[in-house]
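J.: Sequence and computational prediction follow.
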Amino acid sequence: MPPLEEPCKFQAFMNPTFRLRFPSTMMVFLWALFLISFMASFLTFVHPAPRSTSWHKNVRSSAHIRRPNGISVLVTGAAGFIGSHVSLALKNRGDGVVGVDNFDNYYGRSLKQTRRDLLGLNGVYIVDGDINDRRLLSVLFNTVEFTHVMHLAAQVGVQYAVENPYAYVRGNIASLVTLLEQCKSADPQPAVVWASSGSVYGAQNKVPFSETDRVDPPTTLYASTKKTGEEITHTYNRLHGLSITGLRFFTVYGPWGRPDMAYFSFIKNILQGKPITVYRAKNQVDLARDFIYIDDIVKGCVASLDTSGKSTGSGGLKNGSAPYRIFNLGNGSPVTVPALVTILEENLKMKVTKDVVDMCGDGDDSFAYVNISLAERELGYKPTTDLQTGLGEFVKWYLWYYGNPLVQNRSV
Ligand SMILES: O=C(O)[C@H]1O[C@H](OP(=O)(O)OP(=O)(O)OC[C@H]2O[C@@H](n3ccc(=O)[nH]c3=O)[C@H](O)[C@@H]2O)[C@H](O)[C@@H](O)[C@@H]1O
């Protein structure tokens, strides 16, 4: 330590204009005090400290279990399409449910805020936060002893990945690891059920897709992040004893759905008298999807939670093997996009102009046809809503929620 009167080495690099005379001990103390308080207030702003008393009260009340042998679930992405439906179903049967959602504006916030408000009326509290925030997760897990985590938060959308690839790394990989790290360290550890994706099957020719098939190569970045998620969760199962169930959702649709998806954007254009774009695969083959109604997906999610088995680790160390499962959740009956459009036209009693565009390359999976026998056997999963009925329910909801522009001349 140089003698006090000698200017310390650090000052040799400071801009002469701001070079200070070597401060007295009191000055050093005051500077240090200032810097500590500045950093503390900055961190409080950027990383909010544990919430207020009312925040804890809301979280605890929302997590309260009201049925014998009920479960207490943290639902990530709870303001999302599937997340909001699953949260309500769990709450209605008497489970404890706490949601967390970052309310990102991928497809606008207002629909998410409305879903949040409706869940609030049903006793489900959604924390406005990002699961990449380790402090927030730590506070949540110190406030509630979650038995399960239903991880539905993700950056979704197949095409958007081309525009904003970084959102998929942060939303589907970084956030998954942050969440799993918290689950690993929790005592007791929760069981984890999370949203993988049917798109992991990529350009596979063997149909119908089965869980035992090799899943590569994925054809989109979105699918790659979901496939990576399956590898990462497998690691946390083997190393730390987390019970993991991955659900490969296919094309989920229904009331309160996602405006970025085809069925949703189609109805908007039809009602506004605008044309729609119908993509076709190479060789002018119609694209087909395994459309699955939201109520059937909710049953699959709840059954996965109920059969998850227990995580075995404590303090991050594994004590025996824990279940690792993957299930296809679809309908098992692919429908082409033109057929979907026809059903919408019949429901609306309107015709739409279709701009048919042939896709170049592998920017999308042309065909999705799924084998759901494993979920049927292990989860008692049985889809009951066909596309005609499901789309009818969606159209009714859409006209109720947005109003019918042909009637009220309201814009969506
Ligand atoms: O199966 C899945 O895992 C994925 O299903 C959907 O992805 P996708 O099937 O591509 O759903 P849409 O974006 O609604 O597209 C459905 C079909 O309509 C086609 N499409 C889409 C938009 C459009 O304007 N025209 C059109 O023909 C797409 O190419 C696709 O074949 C969801 O958006 C993903 O989050 C989900 O992970």
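T.: Yep, it's here. Numbers count the residues shown, from 1 in each chain.
J.: Roughly how far does the spatially most central residue of the chain sit from residue 248?
T.: With distances taken as CA atoms, centre = their mean, residue 153 lies nearest the centre of the chain, 1.8 Å away. According to CB to CB, to the nearest Å, residue 153 and residue 248 sit 17 Å apart. C-beta here means a position set from N, CA and C on the backbone, and glycine is covered the same way.
J.: Next: residue 229.
T.: 11 Å.
J.: What of residue 159?
T.: If you go by CB to CB, the gap between residue 159 and residue 248 works out to 19 Å.
J.: Between the two, tell me which one has more neighbours.
T.: residue 248 (24 against 12; other CB atoms under 10 Å).
J.: Next up, the contacts around that one.
T.: Residues in contact with residue 248 (CB atoms under 8 Å, 6 or more residues apart in numbering) are 196-198, 200-201, 211, 326-330, 370.
J.: Of these, which count as buried by neighbour count?
T.: Buried members of the contacts of residue 248, scored by 16 or more other CB atoms under 10 Å, are 196-198, 200-201, 211, 326-330, 370.
J.: In strands, which of those residues fall?
T.: If you go by DSSP state E, the buried ones among the contacts of residue 248 have 196-197, 326-329 in strands.
J.: And those residues, which two are furthest apart?
T.: 197 and 327 (12.2 Å; CB to CB).
J.: Assess the claim that residue 347 and residue 393 are in contact.
T.: No - look at residue 347 against residue 393 with CB atoms under 8 Å: they stay out of range, at 9.8 Å.
J.: Tell me the secondary structure at the nearest residue to residue 296 once chain neighbours are set aside.
T.: Nearest non-adjacent residue to residue 296, counting by CB to CB, 6 or more residues apart in numbering: residue 383, 4.1 Å away. Using DSSP: H, G, I helix; E, B strand; the rest coil, the three-state assignment for residue 383 comes out as coil.
J.: Check residue 273 too.
T.: Strictly by three-state DSSP, residue 273 counts as coil.
J.: Show me which residues of the helix or strand residue 137 falls within are buried.
T.: For residue 137, the host element (DSSP states H and E) is helix 134-143. For helix 134-143, the neighbour count (16+ other CB under 10 Å) marks 136-137, 139-141, 143 as buried.
J.: Repeat that for stretch 378-391.
T.: 379, 381, 383, 385, 387, 390-391.
J.: same check, this time on stretch 265-282
T.: 266-267, 269-271, 276, 278-281.
J.: For that stretch, give the mean pLDDT please.
T.: Averaged across stretch 265-282, pLDDT comes to 94.
J.: contact partners of it?
T.: Against stretch 265-282 from outside (CB under 8 Å, 6+ apart): 259, 286-287, 337-338, 340-341, 344-345, 348, 350, 352-359, 364, 366-367, 394-395, 398, 402, 404-406, 412.
J.: Quick one: name the residues of this structure near the ligand.
T.: 156-158, 197-199, 249-251, 261-262, 265, 277-279, 287, 289, 337, 364 (CB under 6 Å from any ligand atom).
J.: Let me see the ranges of the strands in this structure.
T.: Using DSSP E, strands in the chain cover 72-76, 96-101, 125-128, 148-151, 191-197, 244-249, 251-253, 276-280, 288-289, 291-293, 324-329, 335-336, 354-358.
J.: Dump the ones you listed into CSV; add distance to residue 375 as well.
T.: Conversion of the strands of the chain to CSV gives the following (distance: least, CB to CB, whole Å):
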stretch, distance to residue 375
strand 72-76, 20
strand 96-101, 23
strand 125-128, 28
strand 148-151, 16
strand 191-197, 13
strand 244-249, 9
strand 251-253, 14
strand 276-280, 29
strand 288-289, 18
strand 291-293, 11
strand 324-329, 4
strand 335-336, 19
strand 354-358, 34
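J.: Out of the contacts of stretch 265-282, list just those in helices.
T.: 337-338, 340-341, 344-345, 348, 394-395, 398, 402, 405-406 (DSSP state H).
J.: From residue 224, how far off is the nearest residue to residue 120 once chain neighbours are set aside?
T.: Closest residue to residue 120 apart from its sequence neighbours, by CB to CB, 6+ apart: residue 126 at 7.5 Å. Taking CB to CB as the measure, residue 126 and residue 224 are separated by 29 Å.
J.: Please identify which of the two sits among more neighbours.
T.: A direct count of neighbours by other CB under 10 Å for residue 126 and residue 224 places residue 126 higher, at 27 against 22.
J.: if I look at the more buried one, how far off is the ligand?
T.: Per CB to the nearest ligand atom, to the nearest Å, residue 126 is found 20 Å from the ligand.
J.: Surely that residue is in contact with residue 100?
T.: Yes - with contacts counted by CB under 8 Å, residue 126 reaches residue 100, the gap being 6.8 Å.
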